[in-house]
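In: need the 3D shape of this:
(one chain, ligands or ions: 1)
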Amino acid sequence: MSDVIAQATGLVKTYPPRDKRSAPFTAVDGIDFALHRGEAFGFLGPNGAGKSSTMRMLACVSPPTAGTLRVLGMDPAADGRRIRARIGVVPQDDALDTELSVRENLLIYGRYFGLSIDVIDERATGLLDFAQLSDKAAERVDALSGGMRRRLTIARSLINEPEILLLDEPTTGLDPQARHVLWDRLFRLKQQGVTLVLTTHYMDEAEQLCDRLVVMDGGKIVAQGSPAELIAAHATREVLELRFGIGEQAAALDKLRQAVTGDRIEELPDRLLWYTAEGDAALAAAHTLGLTPVTALVRRSSLEDVFLALTGRTLVD
Ligand SMILES: Nc1ncnc2c1ncn2[C@@H]1O[C@H](COP(=O)(O)OP(=O)(O)OP(=O)(O)O)[C@@H](O)[C@H]1O
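Out: Predicted coordinates:
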């Protein structure tokens, strides 16, 4: 895992003003990261954190404003074409040709890479199988479900047999079952040695898929590591979630903050989170203090808790 396949140092993306009244906007504000061959690497953060801007720079479709970026040992500014030939891109918006058939979408995309008809044809058959769309090959894209379209977009991005696959929010808008099917396909690609780079604002997706990730907020990286490392560094083992009746939360928070020392207690609009080594012991203590939550839940800490600890906000507001 020491083989660095892409690296950024002090990477910045500043957009020009949208109109005369607005100022330039720095969406990516001096970030450093290194991607290793064969890993699944994630950019986790809320909307507007700068994830897509980073992905577009990696995809060589948006030039960095400052800093250095190397992808596959090359400079996107000078070798964008050569890099693009060896990477696959799954954009947030599927951008499929909805009036064409599933198979035709793959064939047309293959032509962009200058592949011969025979090669495209053979790869399309394999990719339809991979995407579990063989029985839909002749159907028009506009007849597909959202999950199928996503799988087709991924199949399309693989037509040039890329070494790196960039996926921008691959499962946003999909139902849980469609998300799990997609995760399974992405696991399969990783097993085949494809380096996966994805953005997400779903913490469960980041935990499931990513070997390593960076947490982004406001254009900066606020933490990086494996999901387990991040949780160990920024959260306690367990969390007690307490929900109170209308108007009762503020008084409960006061009571807890006075009585509890050493543990961190966070307040969200609809619940209190008590970060603690032993959730059950904390719940017993809450009862001893005379608190009467409507619901109490003990769970293990997650990346959502890491984000909250680092920024004071939840990932999905
Ligand atoms: N072309 C542009 N011109 C000006 N501002 C832009 C442009 N593209 C993006 N931005 C702004 O940059 C910020 C970061 O956008 P970006 O899409 O990189 O974030 P993100 O983390 O991927 O969020 P999302 O999940 O919404 O895509 C946002 O506030 C966005 O409005």
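In: which residue is the nearest non-sequential neighbour of Gly110?
Out: Ile120 (3.4 Å; CB to CB, 6 or more residues apart in numbering). Quick note: C-beta positions are derived from backbone N, CA and C, even for glycine.
In: and that neighbour, what helix or strand is that in?
Out: Ile120 belongs to helix 117-130 when assigned by DSSP states H and E.
In: put the alpha carbons of the helix or strand following that helix into CSV.
Out: Next along the chain after helix 117-130, taking DSSP H and E as the criterion, comes helix 146-157. Provided in CSV are the C-alpha atoms of helix 146-157 (Å, rounded to 0.1, in the frame of the first residue of the first chain):
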residue,chain,number,x,y,z
GLY,A,146,-32.2,5.2,-10.3
GLY,A,147,-30.1,2.3,-9.0
MET,A,148,-29.7,0.7,-12.5
ARG,A,149,-28.7,4.1,-14.0
ARG,A,150,-26.0,4.4,-11.4
ARG,A,151,-24.7,0.9,-12.1
LEU,A,152,-24.8,1.8,-15.8
THR,A,153,-22.8,5.0,-15.2
ILE,A,154,-20.2,2.9,-13.3
ALA,A,155,-20.1,0.3,-16.1
ARG,A,156,-19.6,3.1,-18.6
SER,A,157,-16.8,4.6,-16.5
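In: ok, and for helix 146-157, which residues are buried?
Out: By neighbour count on 16 or more other CB atoms under 10 Å, the buried set for helix 146-157 is Gly147, Met148, Arg149, Arg150, Arg151, Leu152, Thr153, Ile154, Ala155, Arg156, Ser157.
In: one step back: would you check how far apart the residue nearest to Gly110 and Thr261 are?
Out: 66 Å (CB to CB, to the nearest Å).
In: okay, those two: which has more neighbours?
Out: Set side by side, Ile120 and Thr261 show more neighbours around Ile120, with 20 against 6, by other CB atoms under 10 Å.
In: the residue lying closest to Leu310 once chain neighbours are set aside: how many residues sit nearby?
Out: Distance criterion CB to CB, 6+ apart; nearest residue to Leu310, sequence neighbours excluded, is Val222 at 4.8 Å. The tally of other residues near Val222 (other CB under 10 Å) stands at 18.
In: now Val222, what's its secondary structure?
Out: Three-state assignment for Val222 (DSSP: H, G, I helix; E, B strand; the rest coil): strand.
In: surely it meets Val215?
Out: Yes. With contact defined as CB atoms under 8 Å, Val222 reaches Val215; the gap is 5.1 Å.
In: what's the overlap in contacts for the two?
Out: Common contacts of Val222 and Val215, defined by CB atoms under 8 Å, 6 or more residues apart in numbering, comprise Leu310.
In: near the ligand, which residues of the protein show up?
Out: Applying CB under 6 Å from any ligand atom, one finds that the chain approaches the ligand through 15, 18, 25, 27, 45, 47-53, 199.
In: again, only using 5 Å
Out: Tyr15, Phe25, Ala27, Asn47, Gly48, Ala49, Gly50, Lys51, Ser52, Ser53 (CB under 5 Å from any ligand atom).
In: now list the buried members of these.
Out: Neighbour counting over those (16+ other CB under 10 Å) leaves Ala27, Ala49, Gly50, Lys51, Ser52, Ser53 as the buried ones.
In: contact partners for Asp305?
Out: By CB under 8 Å, 6+ apart, the contact list for Asp305 reads Ile231, His234, Ala235, Val239, Leu273, Tyr275.
In: widest-spaced pair of these?
Out: The distance between the two most remote of those (CB to CB) is 14.1 Å, for Ile231 and Leu273.
In: quick one: residues in contact with stretch 274-289.
Out: With CB under 8 Å, 6+ apart as the criterion, stretch 274-289 contacts 235-242, 255-256, 259-260, 263-266, 293, 296, 298-299, 301, 305, 309.
In: only the buried subset of those residues, as a ChimeraX command please.
Out: Per 16+ other CB under 10 Å, the buried members of these correspond to this ChimeraX selection:
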select :235,236,238,239,240,241,242,256,260,265,266,293,296,298,301,305,309
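In: so of the contacts of stretch 274-289, which ones are in helices?
Out: Lys255, Leu256, Ala259, Asp305, Ala309 (DSSP state H).
In: which parts of the protein are helices?
Out: For the chain, applying DSSP H gives helices covering 51-58, 76-84, 102-112, 117-130, 146-157, 176-191, 203-209, 227-234, 249-259, 279-288, 303-311.
In: and Lys20, what's its pLDDT?
Out: pLDDT, Lys20: 88.
In: sorry, back to before: where is pLDDT lowest across the residues of the chain next to the ligand?
Out: Minimum pLDDT for the residues of the chain next to the ligand is recorded at Asn47 (87).
In: count of neighbours near Ala143?
Out: Neighbours of Ala143 using other CB under 10 Å come to 11.
In: quick one: the residue nearest to it when sequence neighbours are not counted from the ligand, how far?
Out: Nearest non-adjacent residue to Ala143, counting by CB to CB, 6+ apart: Lys136, 7.9 Å away. Separation of Lys136 from the ligand (CB to the nearest ligand atom, to the nearest Å): 29 Å.
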